[in-house]
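S.K.: Provided below are the primary sequence and the corresponding predicted coordinates.
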Amino acid sequence: MMMKKIRQNMALTMLLCIVMLCSALSAQADATTEVHVVKYAPDGTTILDETTVTTGWMETNLPVHGDGTTHYYHQGPVFDDDADRWDPDETLNLKDKGALKGTDVKDLCDLVGGMSSGDEIKIKAFDGFYKSFAYKDVYTPEAEQGPMVLCWHKDGNSVPAYDDGIQLVFFARTQNAAGQYVFGNWDMHECLDEEYRYNYSAIYPSSNGLSVRTVSDIEIYTTQSSGGDASTSLTAIANVEVIMVGISLNRTEIDYGDVGPGLSSDNEPVEITNIGSSDVDVSLEVEGKSGTAQDFYEQSLFVDNELYNPATTIAQIITSSSEDILTQLRVPSDWNEIGTQDATFVFWAEEA
């Protein structure tokens, strides 16, 4: 009888171990390793641009946020009736998200043309759960909020070993009294419009409810037609002549169309070919046809998602090779000059 009980206990123990192992493997399998980024037209269905990138590609090609040592925190609901549910001191029910590395949601949005004021974004998990955010939350976050980061590395482990990854975490730039980087419930109240906050059981505010796990999709819903709204009273029509020095380009002009304040143009690619006998560094110089035009491009022109800078090398090309660069206008919301902004883009090549 005793032997029978022992065998039964052993069998039960083995069964529990198998169940626990299967659960662990299932959780690990749920981790995502790539993100589909898509931008929709105002009708909500027409795709303007889309791409899918892996976490490895993000780490190699986009700025990495987090050093893998610093911990970041969100805050859960405060159930104590005697305490302030918003807890401005950020001391109650903190959720340690771990020592993280990841990619700014903004940088991923820019891969498909970016967002403009009035646009909305959905961060979606592979199971369909999502949270929505406004343009300002992504592009102009307050320090208390910090950038919205899709994290793919935690406590020394990258996805898929990082079970909750890819995970959305707000990298607050401010600390509580204990020196912790907390995006707390009160920060959520102050930084996000009410419709984008999270309330547990519709009663208890919790910034932790915004930390979407196993993210698989970023969806941008724009309110502006591609290339901007031609009826906007503050319209900047960009006509650009392209000149090359020491290299070959696949186009001689760029027409960005009508781009109003706070709006972005379509991405306009330029293929640069090294036709010389040595490797070259390529730079871009913008020559506005007027002072206003010069100001316009210095504030609005982005090259490969970086604001135009004539001192920057935009491409390094070996002999008989080509490289594509992406140009785009992102007009500041306070731009107030009406009219066509003519300019010449001069691409210079210097021996590397």
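M.R.: Yep, that arrived. Model, not experiment: these values are computed from the prediction.
S.K.: where does the closest residue to residue 132 other than its chain neighbours fall, phi/psi-wise?
M.R.: By the measure of Cβ to Cβ, 6 or more residues apart in numbering, the closest residue to residue 132 outside its immediate chain neighbours is residue 122, 5.2 Å from it. In short, each C-beta sits where N, CA and C put it, glycine included. The phi/psi pair for residue 122 (degrees, to the nearest 10) reads phi -120, psi 130.
S.K.: residue 69: neighbouring residues, count only.
M.R.: When neighbours are counted by other Cβ atoms under 10 Å, residue 69 registers 10.
S.K.: just confirm it is within a helix.
M.R.: No - counting by DSSP: H, G, I helix; E, B strand; the rest coil, residue 69 falls outside a helix, being coil.
S.K.: would you confirm that it contacts residue 100?
M.R.: No - with contact defined as Cβ atoms under 8 Å, residue 69 and residue 100 do not form a contacting pair (9.4 Å).
S.K.: if I look at the residue nearest to residue 132, how far off is residue 221?
M.R.: From residue 122 across to residue 221, the span is 7 Å (Cβ to Cβ, to the nearest Å).
S.K.: kindly report the same for residue 35.
M.R.: The spacing between residue 35 and residue 221, counted by Cβ to Cβ, is 17 Å.
S.K.: circling back: so what's the residue nearest to residue 132 bridging to?
M.R.: Beta-bridge partners for residue 122, by DSSP bridges, are residue 132, residue 219.
S.K.: residue contacts, it?
M.R.: Residues near residue 122 by Cβ atoms under 8 Å, 6 or more residues apart in numbering: 130-132, 217-219, 221.
S.K.: quick check: the two most widely separated of these?
M.R.: The largest separation in the contacts of residue 122, counting by Cβ to Cβ, is between 131 and 221 at 13.6 Å.
S.K.: between the contacts of residue 122, which sits nearest residue 151?
M.R.: Using Cβ to Cβ, residue 218 comes nearest to residue 151 of the contacts of residue 122, at 14.0 Å.
S.K.: for burial, what's the neighbour tally of that closest one?
M.R.: The local packing count at residue 218 equals 24, with neighbours defined by other Cβ under 10 Å.
S.K.: can you check the one 4 residues further on too?
M.R.: A count of neighbours around residue 222, defined by other Cβ under 10 Å, yields 23.
S.K.: swap in residue 195?
M.R.: For residue 195, the count of nearby residues is 9 (other Cβ under 10 Å).
S.K.: so how far is residue 133 from it?
M.R.: Applying Cβ to Cβ, one obtains 10 Å for the distance of residue 195 from residue 133.
S.K.: okay but residue 200 is in contact with residue 206, surely?
M.R.: Yes - counting by Cβ under 8 Å, a contact exists between residue 200 and residue 206, whose distance comes to 4.7 Å.
S.K.: intersection of neighbour lists for these two?
M.R.: 76-77.
S.K.: nearest the geometric middle of this protein, what residue?
M.R.: For the chain, the residue whose C-alpha lies nearest the mean C-alpha position (Cα atoms, centre = their mean) is residue 105; its distance is 1.8 Å.
S.K.: wait, that one sits on residue 131?
M.R.: No - the criterion here is Cβ under 8 Å, and residue 105 misses it with residue 131 at 11.4 Å.
S.K.: what touches both of these two?
M.R.: Shared contacts of residue 105 and residue 131, defined by Cβ under 8 Å, 6+ apart, comprise 123, 168.
S.K.: list the contacts for residue 279?
M.R.: Each residue near residue 279 by Cβ under 8 Å, 6+ apart is listed here: 316-319, 351-352.
S.K.: of those, select the buried ones using a PyMOL command.
M.R.: For selection in PyMOL, the members of the contacts of residue 279 meeting the burial criterion (16 or more other Cβ atoms under 10 Å) are listed in this command:
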select buried, resi 317
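S.K.: closest to residue 258 out of the contacts of residue 279?
M.R.: Residue 258 has its nearest neighbour among those in residue 317, at 32.8 Å by Cβ to Cβ.
S.K.: how's this structure carved up into domains?
M.R.: 33-221, 236-351 (automatic domain parsing).
S.K.: let's have the ones you listed in a markdown table, adding mean pLDDT.
M.R.: Shown next, in a markdown table, are these (pLDDT from 0 to 100):
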| stretch | mean pLDDT |
| --- | --- |
| domain 33-221 | 95 |
| domain 236-351 | 84 |
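S.K.: out of those, deepest packed?
M.R.: Comparing the domains of the chain by mean neighbour count (mean count of other Cβ atoms under 10 Å), domain 33-221 ranks first with a mean of 18.
S.K.: run through the helices of this protein in chain order.
M.R.: All helices of the chain, identified by DSSP state H, fall at 2-30, 55-61, 105-109, 135-139, 185-191, 291-300.
S.K.: mean confidence score for the first one?
M.R.: In this model, helix 2-30 has an average pLDDT of 40.
S.K.: can we start the residue count at 21 from this point?
M.R.: Sure, I'll start counting at 21 from here, so that last one is helix 22-50.
S.K.: partners of the strand of greatest length in the chain, with directions?
M.R.: Counting residues, the longest strand in the chain under DSSP state E turns out to be strand 359-371. Sheet pairing for strand 359-371, assigned by DSSP bridges, gives strand 256-265 (parallel), strand 300-308 (antiparallel).
S.K.: and it, how far out from the chain middle?
M.R.: Using Cα atoms, centre = their mean, to the nearest Å, the mean C-alpha position of strand 359-371 is found 29 Å from that of the whole chain.
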